[in-house]
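Asker: Sequence plus the predicted model coming up.
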Amino acid sequence: MSLMRDLYRGETEFDFIGRRRTFFVISGVIIAISLLSLLVRGLDGSVDFTGGTIVEAENRAGVDVAGVRTALGAVGEEGARVQLRVDTLSGTESIIVQTAALDAAHQDRLIEAVAEVAGVSPDETNVDAVGPSFGAEITRRMIRALVIFLVVVAAFISWRFEWKMAAAALAALFHDLALTAGIYSLVGFEVTPATVIGVLTILGYSLYDTVVVFDKITENVHELGSRHTFTEIGNLSMNQVLMRSINTSATSLLPIGSLLFVGSYLLGAATLREFALALFIGVAAGTYSSIFVATPLLAEWKEREPGWQRMQRRTARRGGEIAAAAAAPEVAVEIRDSGAVARPPKQRRKRR
Amino acid sequence: MSRRSLWVTLLITLTIAWGSLAGVLAAGWEPKLGLDLQGGFSLVLTAPEGADSEVLDKAVEIMRQRIENMGSVQEPEISVQGDRSIQVQLPGVQERERALQAVGTTGELSFRPVLDLQTGLSPAFLDGTLPVPEELLVEETTTTTIAEDGEAVDTTTTTTTTTTTTTTVPPVIPENIDPDTGLTIVDDPQATSYLRDENGFYYYKVGPAFLTGGDIAGARAGYGGVSIGQSGGGWNVDPDFTSEGGKRFEEASILLSTYAVGDPRRAMAIVVDGTVISAPTIAADVPSGEGLKADNVVITMGSTENAEAEAQDLATILRYGALPTTFERERVESVSASLGSDSLRAGLYAGLGGLALVALALMVYYRALGLVAIVGLSVFGSLLIVSIIMMGRTQGTTLTLAGVTGIIVSIGITADSYIVFFERIKEEHRRGRNLRPAVDTGFKRAFHTILTADTVTFSGSILLWLLAIGPVKGFAITLGIATVIDVLVAYFFTRPAVMLLVRSRFGEGGVFSIRGAMGRHAEELAEATA
């Protein structure tokens, strides 16, 4: 309860940066596993990326998988992936057939065959067919979008803060990407365009979280930079914004959870489910990385700067007292106010 | 800011948001749904490497015209994508065959003499081009043959095919003929070909073209045209020829009219892309050797149920001919209407569920401020719905499933704006400010953060919109609109609402009040510094 109260008031005193080595090892291991899995197992791209044909029809005839396969044999597609899926709400069953990319004539024959065995007209089927070169084009575009996105982000943070922060933020982004891709690779979830949208959204979230922490750090460096080490300021800043981070993640997860729930129970909502899954994994990764990767990494780096090293030596002489004081915001207020008026503090400077 | 001006701002905002929503709903306007939400047909066609952009534009024009002629399609979207792709979206279209035909017909249009006609079997098996299939060997087959040079040698021979005839048939199978189906693989309009109709019912042997697409100036479908030999009116197609084309047609009709009524050779095959689209016969009352005048030509389609559609389709094909280049079907997507409505339902449930959960969480956590957030979410929702409907009406922007996910994500973004603001108030209050100044300064700083955050998200969505293709675009559009609305709501609704609330009874007393939500410690601190 007291932890909850401290959280609520932004008065927690977690030493995030002090344990950075532990977090770096954890993140390092996770990234290594992810990269290894990506290298060995790769990603299971949907037809949108690899090219292929999916035909889906309501199973009105009540045929089983073997029956579908026999019907497919007649059009030379007995090797197709056949699946029956039941909509939990309406109770209707669907036949889903997936093959490699087909030419136009083959495609039409496949659609007719599936429709016939399912007992529906070809016009009632759902078809998604992608040629291999189109799939490659989508992949190429997505990667290009991602690279441009990262470059713009790096430029923006460098301009708004400094390049070391940009590098730390990008490291956190890379961490999230690797983690999400790693989970998809390990579990074998299918990667669809909806997944990619989800991942791009995560990048936005994760980045925004990181920017909020960095913003607070910049503000605190101006206020406390003459007395405290970068590590202390970093810890203080993160504890101050922790509540917002948790709240934001929680409120983001609520609609996503709603998506995941509805998407899992309604047949028509495959896109929603895929999207929500990517978000769910990513928001968790993003929250983790902005706290445990971005700032500790930045602190590690900044502490090597001559200015901050001098500060370290000075505070070391004074002992641990200041470090504790710096971590508690209300004490920090007292420190700030000691030389100023006793009334509510004036705004020191334009903060942003 | 005075209480009065805050009230004015608040009321204007609420009137605009709720009033416009009520107005839009009263007018019966609905968002324009993408085809994944209402069902429909979408495909991407790609021209060969090095195709010129003019050719693509021409093809888009032809396709658009053809689709408009299909009639029932509401707001088709046809656009050039990238260097050599065309995206066609036909929301609401369920007849895939017709849709594919409208956009997919390639190759050249030609009018050809019918040399032979069979049902269910290619004439190639019967005229000695291909060995006779075994199942036909014992049957008696009647064949009408004609000399290869087109000279009418009207010989009707009754051949009882035996095993000996198969051995006498030249064993050399022409390369351009599929030995299984007996059909020409690649049709050359200037050569003899074995082709079949769209249903695969009639099989034709057709000679070199009388005239090609360039000889036709236009065509109209109409009802009740003069058609001698048929009782009553019917649907028909009236083609216009160029002067050169007219002459060629007249000559052809003279030749065809020499065949007896009932002879398949009295028909003229209209061939597009190796398929016989139609094979009208010269009317029975045209005297032998006289032919038709090009000005008076009418192709009658009868008055059956499908006649209108057939007439329209034929007129379209005659008018626009084939597409100027060949296209590969790169991507075909068809969504049945039932899947579309399921998706829409799922999106609505997920959206409403998410909204309710977020509202509940804010309410529990921020109490009276949560109340502001709930009204704020309804203002946000109203404005977003109105914007999407208006974008659909003015810009033709469709709402897709990806767009719906964009809306659901934006609920999280707007909720974050409240959190940033409310956490700021708490922080300012904790630092010793009274509630009212805490709200005032809190808003100034929080708004700055909200603005930065929304700018980043907005720029991100513009970037996504520019770079991505397909579903990601729809996501980017709704997300972009939502961030703009979020900023507006924060400034014109949340700010006056919280400022008024803090000046009211809700501000100070009770667990439900803003002060209650700040925590006891903060209260003490505030009193100590006051």
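Answerer: Everything's here; your move.

Asker: The residue in the stretch 51-200 of chain B positioned nearest to chain A in helix, strand or coil?
Answerer: Residue nearest to chain A within the stretch 51-200 of chain B: B:Gln94 (4.6 Å; C-beta to the nearest C-beta). Every residue, glycine included, has its C-beta placed from N, CA and C. Assigned with DSSP: H, G, I helix; E, B strand; the rest coil, B:Gln94 falls in the coil class.

Asker: and the residue nearest to it when sequence neighbours are not counted, what is it in contact with?
Answerer: Take B:Gln94 and drop its neighbours on the chain: the residue closest to it by C-beta to C-beta, 6 or more residues apart in numbering or on different chains is A:Asp123, 4.6 Å away. Each residue near A:Asp123 by C-beta atoms under 8 Å, 6 or more residues apart in numbering or on different chains is listed here: B:Gln94, B:Glu95, B:Arg96, B:Ser336.

Asker: Wait, a helix at A:Asp123?
Answerer: Yes. A:Asp123: assigned to a helix according to three-state DSSP.

Asker: Tell me, what's the model's pLDDT at it?
Answerer: The score at A:Asp123 is 80. That number is its pLDDT.

Asker: from memory the residue of the stretch 51-200 of chain B closest to chain A sits against B:Gly39, does it?
Answerer: Yes. Assessed by C-beta atoms under 8 Å, B:Gln94 is found in contact with B:Gly39 at 6.6 Å.

Asker: okay, and the common contacts of these two?
Answerer: Common neighbours of B:Gln94 and B:Gly39 (C-beta under 8 Å, 6+ apart) are B:Ser336, B:Ala337.

Asker: Show me what the lengthiest helix in chain B is packed against.
Answerer: When chain B is parsed with DSSP state H, its longest helix is helix B:435-467. Here helix B:435-467 touches helix A:132-160, helix A:193-224, helix B:401-430, helix B:471-489, helix B:495-502, helix B:505-508, helix B:514-518, going by 3 or more C-beta pairs under 8 Å, 6 or more residues apart in numbering or on different chains; DSSP states H and E.

Asker: try it again with 10 Å
Answerer: helix A:132-160, helix A:193-224, helix B:401-430, helix B:471-489, helix B:495-502, helix B:505-508, helix B:514-518, helix B:520-529 (3 or more C-beta pairs under 10 Å, 6 or more residues apart in numbering or on different chains; DSSP states H and E).

Asker: Can you name the residues that contact A:Ile54?
Answerer: Counting by C-beta atoms under 10 Å, 6 or more residues apart in numbering or on different chains, A:Ile54 touches A:46-48, A:80-81, A:83, A:96-99, A:126-130, B:333.

Asker: Surely it is in a strand?
Answerer: Yes. According to three-state DSSP, A:Ile54 belongs to a strand.

Asker: Report the next helix or strand after the helix or strand where B:Phe249 lies in sequence order.
Answerer: Assigned by DSSP states H and E, B:Phe249 belongs to helix B:243-257. Downstream of helix B:243-257, the next assigned helix or strand under DSSP H and E is strand B:268-272.

Asker: Can you tell me which residue sits nearest the middle of chain A?
Answerer: When C-alpha atoms, centre = their mean is applied to chain A, the residue found nearest the centroid is A:Gly282 (2.4 Å).

Asker: That residue falls within a helix, correct?
Answerer: Yes. Per three-state DSSP, A:Gly282 lies within a helix segment.

Asker: I'd assumed A:Ile197 was in contact with it.
Answerer: No. Taking contacts as C-beta atoms under 10 Å, A:Gly282 lies outside contact range of A:Ile197: 11.1 Å.
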